[in-house]
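Novice: My questions concern the predicted model and sequence given below.
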Amino acid sequence: MIAMELKPIKEILQMLEGYEKIVLFGDSGCAQMCDVGGILQLEDMEELLSSHGKIVLGYVFVEGGICDGNAFKLSVANKMHMLEEADAYLVQACGVATQVVTEALPAKEAFPATNTQFLGSMPERFMHYEKCSMCGDCVLHLTGGICPITRCPKGLLNGPCGGAMNGKCEVNPEQDCAWQLIYDRLKALGKLDNIRKIWDLRDWSPTHKPRKIEVTGDSMMS
Amino acid sequence: MLTLTRLQELLERGEFVVTAEVGPPHGSDSRMVITKTDLMKEHCDAINITDNVRGIPTMDSSVCSHLVIQAGAEPVMHISARDRNRIQLESALYGAHALGVRNLLFVTGDHSLLGTHPEAKLVYDFDSIQALQIARHLMSGTDLSGQKLEGIPEFYLGSTFNPYADPIELQIWRVEKKRDSGARFFQTQAIYEISRFEEFMDGVRPLGVHVLAGVIPLKGPKMARFMNRRIPGIAIPEEMISRLERAGSGLTGDARRKAMKDEGVEIALETIEAVRSINGVNGIHIMAVGWEEVVPELVERAGLLPRPR
């Protein structure tokens, strides 16, 4: 999922300065799983904004993700009156969500309540770990299911740097060296040959922004 | 056999080579490089110019390499993969060749989180192995897009390895990958503990590359502890640190500092002696990190003078 954190309250209040009537946005997807935009956090935000003289008119809570155009439309359909009355929207979800709200409801400004961080796993609540850089050319089949582009701070493809000692990373001695993990795993799988050959200079153009996917006709799985 | 540089000639001739490092200034003072070069140029065969070590900005390594040439010595220009993309690397290599630089040494580069500019955006478009491949590619006459070059650069390529890094098998494969990408000489991270270096050399020897063992003379226990804590890939044994401490015990002020520095020089001399007897080690690379005055003393006392012509 997309991992994100709430911005400092001071920053949120600063961006809402001059706006009185606010509508809060959240969803049951990444925003809820990251404890920034579930119903509980919308309630907390309402209480907080109220204590600073704002009026929270209500919530738009999307089942699924605000990023899903259809789910979003269904969630706002019967709330247009409230949305028109508002001075501003506060989006307690990722940067995609704030832009979806901006595009769908351009009459008012939508403000981000979060800092969107990374694509990660959540082994338990409140714990998020980056696992994927969305590089557009996955290598996990060669690296034992462990991503060096993301989990090595240097994104190295030809094995560990000279700062890797005792299985730990030079950047943070608490952090496992991704290449040690890859080595151990491939050794266990009998596939060390995967990383013995030179990994040629990589084509990074699949990461060039802004990216899009437009599946047309029967191209999927064909 | 035609050689491109004196470093290459000496290594291929089988001489025991001495190189030393000059850290470029944190500013625009060109005299610093020339002064440091003058200080040690009679005592070493080539002078290495580092490239923004730990992401701390210092004068451009190709410019400093040029200053080394002006001072009458042969430079080994370091290139870190950390801060450049391939466009900038190709450009830098054309410029380096135009400035007379022929020895290149590629490193991946310490992560900039460990330096003074942790806010910088990381590049890492390629690693040191891929950087070697880019250099070798240019030497074949075209750029990466296949466009014919207006002037084909020629370089003697090198890189580094750290015998204390893990996992050892993978680290030796990396040396092999570097060799297969064009690296002909290697300098190592600073050697302190010998047996691990010997074990690593067992893996490197069959690769047929030239190896310069890294030597960083220690000024005292404080420096040793700092390096163990803050410099990636450094492993100074605790007994060596206590030896420095013992050397200064009972003394104060300048006398204490001098006694510990003398002990640091002794340790460095013992290390040089030990690495010289390891089969496959073709020289030493002294990294004095701000203590350049010690280089002539070390070279002289190690019996490595006069340098071959």
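Specialist: It's in. Numbering: from 1, shown residues only, chains lettered A, B, ... in the order given.
Novice: separation between the nearest residue to B:P25 once chain neighbours are set aside and chain A?
Specialist: Closest residue to B:P25 apart from its sequence neighbours, by C-beta to C-beta, 6 or more residues apart in numbering or on different chains: B:M32 at 4.5 Å. (C-beta placed from N, C-alpha, C; glycine too.) Look at B:M32 and chain A: by C-beta to the nearest C-beta, to the nearest Å, they are 27 Å apart.
Novice: number of nearby residues for B:M32?
Specialist: Using other C-beta atoms under 10 Å in any protein chain shown, B:M32 has 19 other residues around it.
Novice: ditto for the one 4 residues further on
Specialist: Look at B:K36: counted by other C-beta under 10 Å, it has 26 neighbours.
Novice: Repeat that for the one 4 residues further on.
Specialist: Here the number of neighbours of B:M40 (other C-beta under 10 Å) works out to 24.
Novice: for the closest residue to it other than its chain neighbours, what are its contacts?
Specialist: Leaving aside its sequence neighbours, B:M40 sits nearest to B:V295 (C-beta to C-beta, 6+ apart; 4.4 Å). Contacts here follow C-beta atoms under 8 Å, 6 or more residues apart in numbering or on different chains; on that basis B:V295 touches B:20, B:39-40, B:43-44, B:286, B:288.
Novice: now for those, which pair is the farthest apart?
Specialist: Using C-beta to C-beta, the contacts of B:V295 span at most 12.1 Å, a distance reached by B:L39 and B:I286.
Novice: what helix or strand does B:V175 sit in?
Specialist: helix B:168-180 (DSSP states H and E).
Novice: That helix near chain A at all?
Specialist: Yes - Helix B:168-180 lies within reach of chain A by C-beta under 8 Å from any C-beta of the partner chain, at B:169-171, B:173-174, B:177, B:180.
Novice: hmm, back to that, check which helix or strand covers the residue nearest to B:M40.
Specialist: helix B:294-301.
Novice: ok, and what's touching the longest helix along chain B?
Specialist: Longest helix in chain B, counting residues (DSSP state H): helix B:253-276. Under the contact criterion C-beta under 8 Å, 6+ apart, helix B:253-276 has outside partners B:16, B:191-192, B:194, B:197, B:213, B:215-221, B:240, B:243-248, B:251, B:281, B:284, B:294, B:297-298, B:301-302, B:304.
Novice: what's the answer for stretch A:46-64, then?
Specialist: Contacts for stretch A:46-64 (C-beta under 8 Å, 6+ apart): A:9, A:13, A:16, A:19-29, A:39, A:42, A:45, A:68, A:71-72, A:75-76, A:79, A:82-83, A:85-86, A:90.
Novice: Filter those residues down to the ones in helices?
Specialist: Using DSSP H, those in helices are A:9, A:13, A:39, A:42, A:45, A:71-72, A:75-76, A:82-83, A:85.
Novice: more crowded one of B:L39 and B:I286?
Specialist: Between B:L39 and B:I286, counted using other C-beta under 10 Å, B:I286 has the larger neighbour count: 29 against 17.
Novice: Please tell me how far whichever residue of the stretch 201-309 of chain B sits closest to chain A sits from A:C161.
Specialist: Distances between the stretch 201-309 of chain B and chain A by C-beta to the nearest C-beta are smallest at B:P232, namely 3.1 Å. Look at B:P232 and A:C161: by C-beta to C-beta, to the nearest Å, they are 8 Å apart.
Novice: again with B:A135
Specialist: 19 Å.
Novice: neighbour count winner among those two?
Specialist: A:C161 (29 against 21).
Novice: which residues touch the closest residue to A:Q117 other than its chain neighbours?
Specialist: Excluding its sequence neighbours, the residue lying closest to A:Q117 (C-beta to C-beta, 6+ apart) is A:A3, at 4.7 Å. Counting by C-beta under 8 Å, 6+ apart, A:A3 makes contact with A:30, A:34, A:116-120, A:122, A:128, A:130.
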